[in-house]
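Visitor: here is the input, now give the coordinates:
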Amino acid sequence: MNNNLSQFSKKWKSSDSESPSLKETIRTSIRGQEPLKPRLTQATHQIQSQVVKLETTIAKLKERDSALFNKVVVALQKHDTQVASVLSNELAEVRKMAKMVSQSKAALEQINLRLSTVQELGDIAVTLSPAMGIIKSVKSGLAGFMPEAEHEIGEISGLLSSILVDAGQLGGLTVNFEAANEDAEKILTEASVIAEQRLKDKFPDLPVSSTGGAEADKFG
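Guide: Down below sits the predicted model:
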């Protein structure tokens, strides 16, 4: 195990000025490995880039929401319930999309926060195992309306997966999938709560018709 930790230390930082052993050189040439720490840094940068893009998408959805909201208000003022109903349904769909994007953004932020604390070999499996499940969930959630994000998040997933595999081989680590799944569910639940609160802060309640009933659910 000490030998594994020594190998990990070299892979974690970089080869720097120390000449690698013949065994390490052969392993690297065959598998094309790069040091783990720079690859984790690359992953966090890619995730942060996605967070920024999702924030931009949320801002655009907010603009669309405001425009539809105002149209619903005008329609209700004119007592045009049919138009108000159609617009409200469209508004509800926009808010469903906003909720999914906001949840995805919050989940990626949680992953990045955890990745930034990884310092030791044992942290890799504990951190990356649930992260893989979250990334898969985010990718699936965004697939329908953000295909470019689906592709980019797929690349992040591949990078994190390769880091987890390499770390496991270097340190003889095994993944507790049951614990990882529970941790992933916990993170996703936290992200959902955060997203709900952010949406409440950014999106006003839907207008109410003269009969007292809401034209659409707040989040669809």
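Visitor: for residue 135, what are its contacts?
Guide: Counting by Cβ atoms under 8 Å, 6 or more residues apart in numbering, residue 135 touches 111, 153, 156-157, 160. For every residue, glycine as well, the C-beta is placed using N, CA and C.
Visitor: so for the lengthiest helix in the chain, what's the average pLDDT?
Guide: Secondary structure of the chain per DSSP state H: the longest helix is helix 36-77. In this model, helix 36-77 has an average pLDDT of 91.
Visitor: report the next helix or strand after that helix in sequence order.
Guide: helix 81-115 (DSSP states H and E).
Visitor: summarise which helices and strands that next one is packed against.
Guide: Where contact means 3 or more Cβ pairs under 8 Å, 6 or more residues apart in numbering; DSSP states H and E, helix 81-115 is packed against helix 36-77, helix 121-142, helix 177-202.
Visitor: between the last one and helix 36-77, how big is the angle?
Guide: Which is helix 177-202. Between helix 177-202 and helix 36-77, the angle comes out at 40 degrees (axes from the mean of the first three to the mean of the last three Cα atoms, to 10 degrees).
Visitor: helix 177-202 vs helix 121-142, what angle?
Guide: 50 degrees.
Visitor: now do helix 177-202, average pLDDT.
Guide: Mean predicted lDDT for helix 177-202 stands at 76.
Visitor: quick one: buried residues of that helix?
Guide: Across helix 177-202, burial judged by 16 or more other Cβ atoms under 10 Å covers 180, 183-184, 187-188, 191, 194-196, 198-199.
Visitor: before we move on, the earlier item: in a markdown table, list the helices and strands packed on helix 81-115 along with distance to residue 102.
Guide: As requested, these are exported to a markdown table (distance: least, Cβ to Cβ, whole Å):
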| stretch | distance to residue 102 |
| --- | --- |
| helix 36-77 | 6 |
| helix 121-142 | 11 |
| helix 177-202 | 4 |
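Visitor: please work out which of these is packed deepest.
Guide: helix 121-142 (a mean of 20; mean count of other Cβ atoms under 10 Å).
Visitor: just the CA atoms of it, as CSV, please.
Guide: C-alpha atoms of helix 121-142 as CSV (Å, rounded to 0.1, in the frame of the first residue of the first chain):
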residue,chain,number,x,y,z
LEU,A,121,-5.9,9.4,-2.5
GLY,A,122,-8.8,8.2,-0.4
ASP,A,123,-10.7,11.4,-1.2
ILE,A,124,-10.8,10.5,-4.9
ALA,A,125,-13.2,7.6,-4.6
VAL,A,126,-15.3,9.2,-1.9
THR,A,127,-15.7,12.4,-4.0
LEU,A,128,-15.8,11.2,-7.6
SER,A,129,-18.1,8.2,-7.1
PRO,A,130,-21.2,10.1,-6.2
ALA,A,131,-20.1,12.9,-8.6
MET,A,132,-20.4,10.5,-11.5
GLY,A,133,-24.0,9.7,-10.7
ILE,A,134,-24.8,13.4,-10.4
ILE,A,135,-23.1,14.2,-13.7
LYS,A,136,-25.2,11.5,-15.4
SER,A,137,-28.4,12.9,-13.9
VAL,A,138,-27.5,16.4,-15.0
LYS,A,139,-26.7,15.2,-18.5
SER,A,140,-30.0,13.4,-18.8
GLY,A,141,-32.0,16.3,-17.5
LEU,A,142,-30.5,18.8,-19.9
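Visitor: nothing else from me, thank you.
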